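1. Sequence plus the predicted model coming up.
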Amino acid sequence: TQYSFKEVFGTLVVQKELFDVVAKPLVEDLIRGKNGLLFTYGVTGSGKTHTMTGSPGDGGLLPRCLDMIFNSIGPFQAKRFVFKLDDKNGVDVQCEVDALLERQKRDAMPVPKTPSGKRQIDPEFADMINVQDHCKVEEVDEDNVYSVFVSYIEIYNNYIYDLLEEAPFEPIKPKWNNCNTPVRNGDFIPPQSKILREDQNHNMYVTGCTEVEVKSTEEAFEVFWRGQKKRRIANTQLNRESSRSHSVFIIKLAQAPLDADGDNVLQEKEQIILSQLSLVDLAGSERTNRTKAEGNRLREAGNINQSLMTLRTCIEVLRENQMYGTNKMVPYRDSKLTHLFKNYFDGEGKVRMIVCVNPKAEDYEESLQVMRFAEMTQEVEVARPVDRPLCGLTPGRRFRNQAFREELSRKLEMRGGPINGETEEQSVSEMFLQNFPPLPSCELLDVNDDQTLPKLIEVLEKRHKLRQMLSEEFAKNVLAFKTMLQEFDSSVVSKENYIQGKLSEKEKTIAGQKMELERLEKKIKTLEYKIEILEKTATIYEEDKRNLQQELESKSQKLQRQASDKRRLEARLQGMVAETTMKWEKECERRVAAKQLEMQNKLWVKDEKLKQLKAIVTEPKNEKPERPSRERDREKPVQRSVSPSPVPNAPPVRLRHRRSRSAGERWVDHKPPSNLPTETVMQPHVPHAITVAAASEKALAKCDKYMLTHQELASDGEIETKLIKGDVFKTRGGGQAVQFTEIETLKQESPTGRKRRSSPSNPDPPEDAADSEWTDVETRCSVAVEMRAGSALGPGYQHHAQPK
């Protein structure tokens, strides 16, 4: 997961680099009269307090901010108590007399309430504020005077407490007894929570909060350290010193211009500028199942998570209002944290957030939530306050007043006048008295002295005349000066009227431009909203387009698969049709040939019977019929018979095309071991055969013909041998299959009787063969070789006795 931020700092970054990028612009805005807010946000134990406070030898953001403020306004600070904060988040300017009385009252106290800059620094935090960078703001208004006020509060369980409030017995951490209740003590005063109020400028502030005026970095950090010791921390499973509250250190800077002479502060409340910088150390979000929190710790964790959730909700509503032009109410009042800083989110200052991330694997999910929220806050834009108008006084009056005083002191020193501490009015009066004639001695030693009094009267008269002359001259000068002032006033009034006219015109122009800007901003927001809606619509359409394209591709692929399956099925069906056609053609040929053989056989039998009948009829009855010899029968050629040759080794005549043999065919001769040897003349002989006792796939793979020798006992008790033949085919699965085509039968019979049983192929004997007295056909043809007709399995051999 990737997240984008304005700046990312690695684990080895130093505090100065972080301060220059994040906090330095906020300090510059503070001195220019603008408010600032700095958060440290992250999971518990991720280094938020370390980032804000720092460590010995390397101060964090807070001491560096204080050091930069006092380096910038050091020579321009007002005396203590010149600025006085009221209880309504305002500031007043006191005259020098009231401020002097306040300072004397403070000095008269036995223990000062605020630490003095001349006191020795606490060694516990001396290394944290020892910053050697001497960073300061370049452009500081030198005609203003400045004062810094600090306050320190914490938000604990959604209540606000003042960490600088003086109370006995550590009210923030009271002692508890075994019953988990506070110890009853008359001197113990429980801490009082503070209330949030809104001032006349609609800014939120904490009523009754202690605000201390400080004059140096050391003094301000000592105040912070005193409040830090009272802050609530506790030991959890994830952090030994886990912050249990949100701490807020507020730095207020009051500034006001000097008067026209550059001596005193201008006594106009409208010209006072009060800006503040709030440094917030948020308590870490945590999961109670990881921290093992119980009791008070569990309640603290719940309040911490609730306040952080309210902060996230406010940011999300602000973002939604700005992006979509809505006007939803932001729930600031759900938490004291968001209620206190409501004005910052409404545009009264600059807001910066430092996201602290711990690279521990256990904090992975919490860190993802933190970074997701921090990335979202970057999209929130808050308006910036407009700079206040200038007071109209001449710039540079402070240094001109100092230069005038230095020049006057130099001239008085040259003339021998007072140079140490006397004012300009005293020097002028002494010079004026020196121009009068000196008074004579007024001592009367004698009653009759007539010279002393007349001399004294004469000198006084001269002085009176000189005084009258000077007063007349002074009156003339005053009158001339009055006329000059009247002329100057009239010219000033005319110029003011002219300037007011110009200003009114400019203001009208500016108002018109502002209205135009507001109209354009509203138009921009409306257009942005429309653009966003169009972008969402385009995204939806693109998603629909992608889905339709994917669906189209899937359907086209499905159609292609179906087409290929169809082509394969057609090819397969064509193959099966061709194979079936060829098979039936062969079967028809075989049946036709078998029928022809059967008809020829029947014709031959009839011819033989006719011959025998003719021979019997033509023979004389007194002669005994002679039995023909077997050799003669065998040698007698038969012209009409197409029976196979009786030679055993000669293969039978094959009339069908499919039964023709080629020179390359190989046979599997399957002879089971249970077969008995037959000592017949005719023996089956197959060339190039592989003789096996059991059929195997290996033997079948090498041959294309198969023959099984099968023996069984016939009904007359003789052994009948059948040769079952077939073709070997390869199957689609890669195996071998045998399709049986024909059966040949080899049978042996003994001619012990004259009358034999007829063959099953001819069950109906002829009627003329019933009388054995007058026919001797069986004795003449007791042994014959015959082609068996009508068999469904094709032709075969039968060795048996058959009547002709």
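-> Sure thing, it's come through. The shown structure was predicted, so the numbers you read here are calculated from the model rather than taken from an experiment.

2. Give the helix, strand or coil label for Ile153.
-> strand (DSSP: H, G, I helix; E, B strand; the rest coil).

3. My guess is it contacts Val206. True?
-> Yes - Ile153 is within contact range of Val206, at 5.9 Å (criterion: C-beta atoms under 8 Å). For every residue, glycine as well, the C-beta is placed using N, CA and C.

4. Need the overlap of contacts for these two.
-> 160, 162, 194 (C-beta atoms under 8 Å, 6 or more residues apart in numbering).

5. Is the first one located within a strand, as I assumed?
-> Yes - assignment of Ile160 by three-state DSSP places it within a strand.

6. so who does it touch?
-> Ile160 neighbours (C-beta under 8 Å, 6+ apart): 153-154, 193-196, 206, 336, 340.

7. next one: the last one
-> Neighbouring residues of Lys194 by C-beta under 8 Å, 6+ apart: 153, 160-162, 206-209.

8. Please indicate which of the contacts of Ile160 are buried?
-> Applying 16 or more other C-beta atoms under 10 Å to those, the neighbour count classes 153-154, 194, 206, 336, 340 as buried.

9. Pick the one among those residues closest to Val97.
-> Of all these, Val97 sits closest to Val206, with 31.1 Å by C-beta to C-beta.

10. Can you tell me the closest non-neighbouring residue to that closest one?
-> What sits nearest to Val206 in space, not counting adjacent residues and going by C-beta to C-beta, 6 or more residues apart in numbering, is Lys194, at 4.7 Å.

11. which phi and psi does that neighbour have?
-> Note on Lys194: its backbone torsions stand at phi -100, psi 160 [degrees, to the nearest 10].

12. partners of it in the sheet?
-> Ile160 (DSSP bridges).

13. Can you tell me how far it is from Leu340?
-> According to C-beta to C-beta, to the nearest Å, Lys194 stands 10 Å off from Leu340.

14. overlap in contacts of those two?
-> By C-beta under 8 Å, 6+ apart, the residues touching both Lys194 and Leu340 are 160, 206.

15. then stretch 584-591 to CSV, C-alphas only?
-> Provided in CSV are the C-alpha atoms of stretch 584-591 (Å, rounded to 0.1, in the frame of the first residue of the first chain):
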residue,chain,number,x,y,z
TRP,A,584,-21.7,-53.8,-43.9
GLU,A,585,-20.3,-54.0,-47.4
LYS,A,586,-17.9,-56.7,-46.3
GLU,A,587,-20.7,-58.5,-44.4
CYS,A,588,-22.9,-58.4,-47.5
GLU,A,589,-20.1,-59.7,-49.6
ARG,A,590,-19.5,-62.5,-47.1
ARG,A,591,-23.2,-63.4,-46.9
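
16. Can you list the low-confidence ranges for the stretch 201-350 of the chain?
-> 232-242, 286-295 (pLDDT under 70).

17. which residues in it form strands?
-> Assigned by DSSP state E, counting those that start in this stretch, the stretch 201-350 of the chain shows strands spanning 204-206, 212-214, 233-234, 242-243, 246-257, 273-281, 350-356.

18. what's the closest of those to Thr537?
-> strand 350-356 (33.8 Å).

19. Can you point out the buried residues in the closest one?
-> 350-351, 353-356.

20. now the shared contacts of Ile153 and Val206 as a markdown table including distance to Phe224?
-> Converted to a markdown table, the shared contacts of Ile153 and Val206 look like this (distance: C-beta to C-beta, whole Å):
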| residue | distance to Phe224 |
| --- | --- |
| Ile160 | 17 |
| Asp162 | 13 |
| Lys194 | 18 |
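
21. Make JSON lines from those and add pLDDT and distance to Ser471 to it.
-> JSON lines is the format used below for the shared contacts of Ile153 and Val206 (pLDDT from 0 to 100; distance: C-beta to C-beta, whole Å):
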{"residue": "Ile160", "pLDDT": "93", "distance to Ser471": "67"}
{"residue": "Asp162", "pLDDT": "92", "distance to Ser471": "63"}
{"residue": "Lys194", "pLDDT": "92", "distance to Ser471": "64"}
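
22. tell me the angle of the one helix or strand Ser409 maps to relative to strand 246-257?
-> Per DSSP states H and E, Ser409 falls inside helix 397-415. Taking axes from the mean of the first three to the mean of the last three C-alpha atoms, to 10 degrees, one finds helix 397-415 and strand 246-257 inclined to each other by 50 degrees.

23. State the mean pLDDT of helix 397-415.
-> Computed over helix 397-415, the mean pLDDT rounds to 73.

24. List the buried residues of it.
-> 397-398, 401, 409, 412.

25. between those, which is nearest Tyr364?
-> Distances from Tyr364 to those, taken by C-beta to C-beta, are shortest for Arg398, at 57.7 Å.

26. which stretches of the stretch 651-800 of the chain have low pLDDT?
-> In the stretch 651-800 of the chain, residues with pLDDT under 70: 651-664, 750-800.

27. And the stretch 1-150 of the chain, by the same measure?
-> 110-133.

28. about what we covered before: rebuild the buried residues of strand 350-356 as JSON lines, extending it with distance to Thr618.
-> Below are the buried residues of strand 350-356 laid out as JSON lines (distance: C-beta to C-beta, whole Å):
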{"residue": "Lys350", "distance to Thr618": "149"}
{"residue": "Val351", "distance to Thr618": "145"}
{"residue": "Met353", "distance to Thr618": "140"}
{"residue": "Ile354", "distance to Thr618": "142"}
{"residue": "Val355", "distance to Thr618": "136"}
{"residue": "Cys356", "distance to Thr618": "138"}
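
29. Just the helices from the stretch 251-400 of the chain, written as ranges.
-> Along the stretch 251-400 of the chain, counting by DSSP state H, counting those that start in this stretch, helices occupy 288-291, 296-324, 336-340, 342-345, 364-377, 397-415.

30. Please work out which of the ones you listed is packed deepest.
-> Stretch with highest mean neighbour count among the helices of the stretch 251-400 of the chain: helix 336-340 (a mean of 23; mean count of other C-beta atoms under 10 Å).

31. gap between that helix and the chain center?
-> Helix 336-340 has its C-alpha centroid displaced from the chain centroid by 29 Å (C-alpha atoms, centre = their mean, to the nearest Å).

32. For that helix, name the packing helices and strands.
-> The contact analysis (3 or more C-beta pairs under 8 Å, 6 or more residues apart in numbering; DSSP states H and E) places helix 336-340 against strand 144-156, strand 159-162, strand 196-198, strand 204-206, helix 296-324.

33. Neighbours of the closest residue to Leu368 other than its chain neighbours, how many?
-> Spatial nearest neighbour of Leu368, chain neighbours left out: Thr1 (6.7 Å); criterion: C-beta to C-beta, 6+ apart. Residues near Thr1, counting by other C-beta atoms under 10 Å, number 5.

34. Then Glu348?
-> Neighbours of Glu348 under the rule other C-beta under 10 Å: 21.

35. Against Phe341, how distant is it?
-> Glu348 is 9 Å from Phe341, by C-beta to C-beta.

36. and the helix of greatest length in the chain, how far from the chain's centre?
-> Secondary structure assigned by DSSP state H gives helix 452-618 as the longest helix of the chain. Centroid separation between helix 452-618 and its chain, computed with C-alpha atoms, centre = their mean, is 20 Å.

37. orientation of it relative to helix 296-324 in degrees?
-> On the basis of the same axes, to 10 degrees, helix 452-618 is oriented at 90 degrees to helix 296-324.

38. what about Lys24, which helix or strand?
-> Assigned by DSSP H and E, Lys24 belongs to helix 24-31.

39. How many residues are close by the closest residue to Met371 other than its chain neighbours?
-> Excluding the flanking residues, the one nearest Met371 by C-beta to C-beta, 6+ apart is Tyr3, at 4.6 Å. The number of residues packed near Tyr3 is 15, by other C-beta under 10 Å.

40. surely Tyr3 meets Val370?
-> No - applying C-beta under 8 Å as the test, Tyr3 and Val370 come out as separate, 9.8 Å apart.
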